[in-house]
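In: how would this look folded up:
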Amino acid sequence: QVQLVVSGGGLVQPGGSLRLACLAAGFPLEAYAIGWFRQAPGKEREGVSCSSSRGGNTHFADSVKGRFTISRDNSKNTMYLQMNDLKPEDTAVYYCATDQGSGCDLAFYSRVGYWGQGTQVTVTS
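Out: Numbers count the residues shown, from 1 in each chain. Coordinates of the predicted model:
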């Protein structure tokens, strides 16, 4: 059974950093591509970043490119989203997800079928 458990959200000032974690349960992390999404109030859910199953290919939305990085620790079966230089417009509920495939590309964001619970990230002064 595929389960994803998200942690690491919180309140941070503009310019600050947070690291989100997505713990994979029921499957080895390196088996599937994993991605991050976010949804701000009143807005559609947005694909933020993804990583292919072995980590060789990653993608970032233009809005976070250069500020966010994605990494995986297979020994902990956990995917991370490191968010630096946070801005108020990054405020959203963040989710991790998988499509049970191996690839990370633009189409990944429309293929996902398994979701972790969301975690709130609030960027405010």
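
In: quick one: secondary structure of residue 30?
Out: Classification of residue 30 by DSSP: H, G, I helix; E, B strand; the rest coil places it in helix.

In: Count the residues that sit near it.
Out: A count of nearby residues for residue 30, using other CB atoms under 10 Å, gives 15. C-beta here means a position set from N, CA and C on the backbone, and glycine is covered the same way.

In: Tell me how far the residue nearest to it when sequence neighbours are not counted lies from residue 2.
Out: Spatial nearest neighbour of residue 30, excluding adjacent residues (CB to CB, 6 or more residues apart in numbering): residue 74 at 5.3 Å. To residue 2, residue 74 is 16 Å away according to CB to CB, to the nearest Å.

In: For burial, what's the neighbour tally of the residue nearest to residue 30?
Out: Residue 74 has 13 neighbouring residues, counting by other CB under 10 Å.

In: Kindly state the beta-bridge partners for the spatially most central residue of the chain.
Out: By CA atoms, centre = their mean, the mean C-alpha position of the chain lies nearest to residue 36, the distance being 2.4 Å. Assessed by DSSP bridges, residue 36 has beta-bridge partners residue 49, residue 96.

In: was I right about it contacting residue 22?
Out: Yes. If you go by CB atoms under 8 Å, residue 36 and residue 22 touch, sitting 7.5 Å apart.

In: what is in contact with the two at once?
Out: With contacts defined as CB atoms under 8 Å, 6 or more residues apart in numbering, the residues shared by residue 36 and residue 22 are 81, 96.

In: returning to what we had before: need the contact list for the residue nearest to the centre of the chain.
Out: By CB under 8 Å, 6+ apart, the residues touching residue 36 are 20, 22, 47, 48, 49, 50, 70, 81, 94, 95, 96, 97.

In: Please consider this matter closed, and thank you.
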